[in-house]
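A.B. asks: give me a 3D structure for the following:
(one chain, ligands or ions: 2)
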Amino acid sequence: MRIGVIGGGAWGTALAQVAARGGAEPVTLWARELEVVASINAERVNHAFLPRVELAQSIRATGELSELRACDALLVVAPAQHVRSVLTQAAVGSTPLVLCAKGIEAGSKMLVGEVARAVCGQAPVAVLSGPTFAHEVAAGLPTAVTLACEDAGLRARLGARLASRSFRPYASDDVAGAEIGGAVKNVLAVACGVVEGAGLGQNARAALIARGFAEMTRFGRARGARAETLAGLSGLGDLVLTCSSTSSRNFSLGVGLGQGRAAAELLADRRTVAEGAFTAPVLAEAARDAGVEMPVTDAVVRLLEGAEPGAVIADLLARPLRDEGH
Ligand SMILES: NC(=O)C1=CN([C@@H]2O[C@H](COP(=O)(O)OP(=O)(O)OC[C@H]3O[C@@H](n4cnc5c(N)ncnc54)[C@H](O)[C@@H]3O)[C@@H](O)[C@H]2O)C=CC1
Ligand SMILES: O=C(CO)COP(=O)(O)O
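C.D. replies: Ligands and ions are numbered 1, 2, ... in the order given. Model prediction:
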């Protein structure tokens with residue numbers, strides 16, 4: 001199975017490395033930035049997004065989307081807000097798509113899988129998501145992910161193609177569940193960073209992870225996700241990872257917000273993506289549409305809009321006491 005990768009950021013590059021390790025076929029990596037294409041092909045390094053990692057010889061970068069049409073499956077790794085435009089330009093017909101971005105599209109409130117089905121109606125869709133810092137995956141450190149696809153045959157073929165001694169895909173047929181965990185955890189990771197930045201302590205961080213998970217589960221169930229998917233690698237697993245490390249861009253954004261810095265300043269000029277900043281407002285809207293309460297998500301939205309951290313934290317702590325099962 002010849003794998004193509006759409007997106008030459010940190011995660012797309014690390015996944016190209018995964019595909020190179022999992023099989024002998026060449027891997028085509030489409031990157032938007034010509035300097036990324038040049039440095040991968042000439043030096044086997046993506047200096048802009050995944051520095052200091054030597055990439056496999058079988059990875060070939062290209063700036064031409066049309067070259068992806070020769071592939072048997074495509075890993076879609078553009079940031080969530082750009083998936084629609086990139087897939088529209090790529091016009092990949094019925095080639096299976098493995099969605100690896102984590103987010104919800106602003107405006108349409110669609111999950112990335114829904115966007116892909118709208119743009120590429122003929123293409124079977126899978127989701128790959130889990131606790132996966134790109135630099136660790138690229139370095140070959142042990143990693144496990146959820147690989148969700150309704151078609152059992154395609155799921156097995158993709159899993160076998162991507163698996164290696166250090167990369168273990170766990171199969172699921174709950175596509176929406178795998179997506180929702182990844183999208184929601186980014187917003188909760190921003191909140192956990194705020195706890196760190198504001199110096200609220202480790203009890204508060206653990207409480208926020210647990211109550212955030214309750215929030216993820218309420219929203220997920222309302223959108224058709226299964227509880228066991230949300231409790232797996234793509235939900236709780238990724239939540240724990242990104243809520244505990246400054247390697248997370250979302251957590252780091254939250255640290256800055258918790259220290260009282262403005263979101264605009266923190267997001268200005270950054271080349272890398274903190275998906276939680278884009279997902280938070282649309283997630284809050286989608287939750288309201290579904291009649292689901294998401295107080296932590298609402299708090300992140302207020303902080304991104306410039307509210308003072310002390311006031312937002314005080315409001316969260318003043319919420320009425322309630323049963324834990326809610
Ligand atoms: N970096 C990581 O460890 C992981 C990232 N992800 C997800 O992968 C997705 C991509 O993130 P990264 O590879 O980390 O990106 P990155 O932060 O390393 O790089 C930014 C990417 O955005 C692309 N981009 C910027 N403007 C664009 C536009 N107008 N149209 C299309 N692409 C544009 C750039 O070309 C670049 O590929 C995100 O949804 C992220 O949540 C998922 C798992 C791990
Ligand atoms: O999704 C990720 C790890 O699973 C990467 O997290 P950040 O985007 O917060 O860096």
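A.B. asks: ranges for the helices of the stretch 101-250 of the chain?
C.D. replies: When assigned using DSSP state H, counting those that start in this stretch, the helices of the stretch 101-250 of the chain occupy the ranges 112-119, 134-138, 152-162, 175-197, 202-222, 227-230, 238-242, 249-258.
A.B. asks: so the fourth one versus helix 249-258, what angle?
C.D. replies: This means helix 175-197. Counting by axes from the mean of the first three to the mean of the last three CA atoms, to 10 degrees, helix 175-197 points 40 degrees away from the direction of helix 249-258.
A.B. asks: how far is helix 175-197 from where the chain is centred?
C.D. replies: Offset of helix 175-197 from its chain centre (CA atoms, centre = their mean, to the nearest Å): 9 Å.
A.B. asks: briefly note if it comes near ligand 2.
C.D. replies: Yes - using CB under 6 Å from any ligand atom as the criterion, contacts between helix 175-197 and ligand 2 involve Asn186, Ala189. C-betas here are computed from N, CA, C, even on glycine.
A.B. asks: quick check: mean pLDDT across that helix?
C.D. replies: Averaged over helix 175-197, pLDDT sits at 98.
A.B. asks: how about stretch 112-125?
C.D. replies: Here the average pLDDT along stretch 112-125 is 97.
A.B. asks: what do you get for stretch 146-165?
C.D. replies: Stretch 146-165 shows a mean pLDDT of 98.
A.B. asks: could you check how far the spatially most central residue of the chain is from ligand 2?
C.D. replies: Most central in the chain under CA atoms, centre = their mean is Lys102, positioned 2.7 Å from the mean C-alpha point. Noted for Lys102: a distance of 6 Å to ligand 2, by CB to the nearest ligand atom, to the nearest Å.
A.B. asks: cool, Phe278 as well?
C.D. replies: Counting by CB to the nearest ligand atom - Phe278 and ligand 2 are separated by 11 Å.
A.B. asks: please name the nearest non-neighbouring residue to that residue.
C.D. replies: Gln81 (5.4 Å; CB to CB, 6 or more residues apart in numbering).
A.B. asks: what about the one you found, neighbour count?
C.D. replies: 20 (other CB atoms under 10 Å).
A.B. asks: residues of the stretch 51-200 of the chain that sit close to ligand 1?
C.D. replies: With CB under 6 Å from any ligand atom as the criterion, the stretch 51-200 of the chain meets ligand 1 at residues 77-80, 82, 86, 100-103, 132-134.
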